[in-house]
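*Asks:* just coords:
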């Protein structure tokens, strides 16, 4: 597979799954001590990565759980933030400045801070009350957030099957390598067909809305300098649809939660106008060993693996490195 | 002023302000009976219009207040939705299907539903438990949402000065006509200079982030068929900034709340790259009779009035009617 280091990928994914006992220990302790609300804090990609877990909590729990933009939280505050708040942060490098400021802000208000990162000596790992460290560069953070959120809901009596799901996640490294392998030709074909495309229209919903935002902003815009619009599948009909034309490249991210029908509806409409509609659907991947009722929860993780293949092939056909930036961490601001 | 019916505008705005005693009566009754959480439900523009009031509640109150997408709420649910939920809806025409389904859904779970619309015999007005009706076609819903949210926070001891602010709002019709008049040349100049522009980059934060989304999706995309990207000023540096080029049209919506510095930072950066940065700033408008400490709360309303002038001039210079649709309510879906 193009630019896929299987050994490294497996080691990283294993290191995420291996965090299970530590995550359980932390959540169990928090549950024992008591808390009133949870903030899931991020910036850009790590903010978007929190959305599925706010979405999950909203459907299943009466606990206030909110995804927050780090920089906004620091200036706007949150009336619920206090000593009975649990604030969760993630950072691949452990150096994101917006997140570091938000960690200090939350600690200053007495919150218990938890940080997931790949570097034990990074500023994020050193700043938080509880650091949970995986292998370097491991991405995304869905395994950790799934274990954290579901353990928490399980202890509150709001989710059944935590133990079984957590057990099944042990097979993830193998499962995701299989997903990547199956996505490879799909990704290559998509990239070849869209070598010259300079605008993509992205649609997703449910627990894939965060990924839709992320893929639009942090991959296509930031890493490929391509213009995009991004719209939630429940919002598509309230404006953005008017942009579609026969040659508009439409990407739909389809998962397996209860919002599937909303994305189907957007797809059906898009196909009536555009001849260039691509659906990336997590149902196309077997995920051997994962019970049917848990598949939907894994959609963000599966989609990230699929679209990482697409990104690598876009990089190839467009001869535009995913690491190239003209401004971010290049210019001062 | 171009396509500005002053008499109608004044009558509509007066009808919003006139809802004050009814809104207070409703909120006071709810407060007396007790409730646990508030859902602010919308679709597209009316969803975006709820964001400032979720933002306001988040900063000032421990009460769970959430802006929800109508279509998503119906399929995903909300664990807090029940007999102690207050669900608020807005609809200009009173016929938005997504909202009607959500009203039924919320009523089915025992919530108390409140609807703001301009038509007493519309499906929305007839479906909700409490309908609060203004003049036809009155837009936006900020007056109603401000009075509703602040009265509620006031009764909870989380906002001071409600009476004073509500009194000051009586002058709104005159204030907003003055805003429109001052914005007219600005709007005309912007439109003339952007007659040929086919892509706009929109940035806003705080209580103007909802408006940023709305202006991007519901005006430029839906009504002008123009490509856009929209990004929160706190998120700008985490991806979208890489899209900027010397000739990129950047629109910044600047208000007067605590997130102002975040938008300033995005502006300073944008100006270093693009020669086509336009800042629409609510500070440019005097708002005679509004106390300085309340000005920030009115930013969404002021900005809507300013940008409505821009829309009318874009319609003129681009010879593209704001009422023209190729798909919405034209094709079936």
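*Replies:* That came in fine, so what should we check first? No experiment lies behind these values; they were computed from the predicted model shown.
*Asks:* pLDDT (mean, whole number) over stretch A:41-57?
*Replies:* Per-residue pLDDT over stretch A:41-57 has a mean of 98.
*Asks:* distance between the ends of it?
*Replies:* 15 Å (Cα to Cα, to the nearest Å).
*Asks:* not counting sequence-adjacent ones, nearest residue to the residue nearest the centre of chain A?
*Replies:* Centroid-nearest residue in chain A: residue A:49, 3.2 Å away (criterion: Cα atoms, centre = their mean). The shortest distance from residue A:49 to any non-neighbouring residue, by Cβ to Cβ, 6 or more residues apart in numbering or on different chains, is to residue A:141 (5.3 Å). (Each C-beta comes from the backbone N, C-alpha and C, glycine too.)
*Asks:* how many residues are close by that neighbour?
*Replies:* 27 (other Cβ atoms under 10 Å in any protein chain shown).
*Asks:* what's the burial count for residue A:215?
*Replies:* Residue A:215, neighbours per other Cβ under 10 Å, totals 28.
*Asks:* in contact with it, which residues?
*Replies:* Contact analysis of residue A:215 by Cβ atoms under 8 Å, 6 or more residues apart in numbering or on different chains lists A:202, A:251, A:253, A:307.
*Asks:* for these, name the two members farthest from one another.
*Replies:* Greatest spatial distance in these: A:202 and A:307, 10.5 Å, computed using Cβ to Cβ.
*Asks:* now do the residue nearest to the centre of chain A against residue B:205, distance only.
*Replies:* 21 Å (Cβ to Cβ, to the nearest Å).
*Asks:* pLDDT weak spots in chain A?
*Replies:* Chain A contains residues with pLDDT under 70 at A:333.
*Asks:* quick one: the strands in it?
*Replies:* For chain A, the strands defined by DSSP state E occupy A:37-42, A:65-69, A:85-91, A:112-117, A:130-133, A:199-204, A:227-232, A:249-254, A:277-281.
*Asks:* report the inter-axis angle for the second one versus strand B:65-69.
*Replies:* Calculated by axes from the mean of the first three to the mean of the last three Cα atoms, to 10 degrees, strand A:65-69 forms an angle of 80 degrees with strand B:65-69.
*Asks:* go on, the last one?
*Replies:* For strand A:277-281 against strand B:65-69, the angle by the same axes, to 10 degrees is 130 degrees.
*Asks:* ditto for the third one
*Replies:* Taking the same axes, to 10 degrees, one finds that strand A:85-91 is oriented at 50 degrees with respect to strand B:65-69.
*Asks:* I'd like to know which elements strand A:85-91 is packed against.
*Replies:* Strand A:85-91 sits against strand A:37-42, helix A:45-48, helix A:97-108, strand A:112-117, helix A:142-155, with contacts defined as 3 or more Cβ pairs under 8 Å, 6 or more residues apart in numbering or on different chains; DSSP states H and E.
*Asks:* same check, this time on the first one
*Replies:* Under the contact definition 3+ Cβ pairs under 8 Å, 6+ apart, strand A:37-42 sits against helix A:51-60, strand A:65-69, helix A:70-76, strand A:85-91, helix A:97-108.
*Asks:* can you tell which of the ones you listed is closest to residue B:247?
*Replies:* helix A:70-76 (27.8 Å).
*Asks:* which other helices and strands contact the closest one?
*Replies:* Where contact means 3+ Cβ pairs under 8 Å, 6+ apart, helix A:70-76 is packed against strand A:37-42, helix A:97-108, helix B:51-60, helix B:260-273.
*Asks:* please identify the deepest-packed of the ones you listed.
*Replies:* When you average the neighbours per residue for each of these (mean count of other Cβ atoms under 10 Å in any protein chain shown), strand A:37-42 leads with a mean of 26.
*Asks:* ok now it, how far from the chain's centre?
*Replies:* 14 Å (Cα atoms, centre = their mean, to the nearest Å).
*Asks:* likewise stretch A:182-190?
*Replies:* 21 Å.
*Asks:* one more: stretch A:51-67?
*Replies:* Relative to the chain's own centre, stretch A:51-67 is displaced by 15 Å; criterion: Cα atoms, centre = their mean.
*Asks:* what does the stretch 201-333 of chain A have sitting close to chain B?
*Replies:* A:205-206, A:217-218, A:221-223, A:225, A:227-229, A:231-232, A:234-235, A:237-244, A:257-259, A:261-262, A:265, A:268-269, A:272-273, A:325-328, A:331, A:333 (Cβ under 8 Å from any Cβ of the partner chain).
*Asks:* burial of residue A:22, as a residue count?
*Replies:* Neighbours of residue A:22 (other Cβ under 10 Å): 15.
*Asks:* how close does the residue nearest to it when sequence neighbours are not counted get to residue A:167?
*Replies:* Among residues not flanking residue A:22 along the chain, residue A:132 sits closest, at 5.6 Å (Cβ to Cβ, 6+ apart). Using Cβ to Cβ, we find residue A:132 at a distance of 19 Å from residue A:167.
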